[in-house]
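Enquirer: how would this look folded up:
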Amino acid sequence: MGNKVFISYKYGDIGVQRLNHVSIWEQTKARDYVDVLQDSLRKMGTHINKGEMDGESLANFKDETIQSKLADKIFDSSVTIVLLSPNMREQGVAESEQWIPWEISYSLKNKRRVDNRSKRNAILLVALPDTSGNYGYAGNSSFYFNIIKQNMNNLQYSYPSSKLSNGCSNSYILKCNWDKFISNINGWIEAAVEIKENGDKYRINTKV
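Expert: Next up, the predicted model:
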């Protein structure tokens with residue numbers, strides 16, 4: 001059965017490798033990778049895209065409206081894919097004031113509304129290649145938001161895994177690189193969902 005997928009990313013980050021389909025007159029942005037992913041999900045027909053389409057920008061709305069619309073999308077999803085990019089962190093801005101940490105935090109919560117409930121999402125980090133095609137930046141722990149670091153290496157009780165070849169993940173938040181992910185989207189999503197289904201084995205932190 002397919003999953004509803006929300007995509008978290010830094011729209012205008014140009015610190016990523018050039019994609020061939022982008023005009024030579026334009027710089028490749030993290031958003032261009034979102035387009036590739038959304039197109040792949042559409043062609044697969046297995047999973048439902050709950051992320052915003054490129055013409056659906058929320059930039060002109062007030063913060064409260066943006067938060068409400070994002071919350072609705074995350075509430076109605078089961079998997080959150082976070083596209084990591086070199087400049088996704090806003091320097092000099094508190095993490096509590098940035099959208100990506102908030103989206104991850106809300107995704108990690110068991111949510112309840114008047115007439116409905118939504119369990120915490122599976123979280124999958126996908127590192128995009130930098131302008132040189134490398135992923136080294138994503139290997140530095142200081143690069144990550146605290147909400148990510150607090151939910152890595154947080155396994156408390158091991159369990160049998162059928163989706164990961166090395167056994168159950170040590171972290172609730174699963175991570176891979178774009179080249180591996182885009183060639184096996186379904187496999188990585190299924191692995192993240194398996195972790196979600198064993199969420200009680202992890203020490204989950206939802207505070208930004």
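
Enquirer: And the helices in this structure?
Expert: 30-44, 63-75, 99-108, 146-149, 178-182, 185-197 (DSSP state H).

Enquirer: And the pLDDT at the spatially most central residue of the chain?
Expert: What sits nearest the mean C-alpha location of the chain, by CA atoms, centre = their mean, is Val82, with 1.8 Å. pLDDT recorded at Val82 is 98.

Enquirer: From Val5, how far off is it?
Expert: From Val82 across to Val5, the span is 11 Å (CB to CB, to the nearest Å). Yep, even glycine has a C-beta here, placed from its N, CA and C like the rest.

Enquirer: if I look at the nearest residue to Glu95 once chain neighbours are set aside, how far off is Gln38?
Expert: Leaving aside its chain neighbours, Glu95 sits nearest to Pro101 (4.6 Å; criterion: CB to CB, 6 or more residues apart in numbering). As judged by CB to CB, Pro101 and Gln38 stand 23 Å apart.

Enquirer: for Asn153, phi and psi?
Expert: phi 50, psi 40 (degrees, to the nearest 10).

Enquirer: okay but Leu128 is in contact with Val16, surely?
Expert: Yes. Shown here, Leu128 and Val16 form a contact pair, counting by CB atoms under 8 Å, at 4.8 Å.

Enquirer: what sits in contact with each of these two?
Expert: Ala30, Tyr33, Ser85 (CB atoms under 8 Å, 6 or more residues apart in numbering).

Enquirer: for the first one, what are its contacts?
Expert: Under the criterion of CB under 8 Å, 6+ apart, the neighbours of Ala30 are Tyr9, Lys10, Tyr11, Gly12, Asp13, Val16, Leu83, Ser85, Met88, Leu128.

Enquirer: neighbouring contacts of the lowest-mean-pLDDT helix or strand in the chain?
Expert: When the helices and strands of the chain are scored by mean pLDDT, DSSP states H and E, strand 111-113 comes last with a mean of 81. By CB under 8 Å, 6+ apart, the residues outside strand 111-113 that reach it are Phe75, Arg117, Ser118, Lys119.
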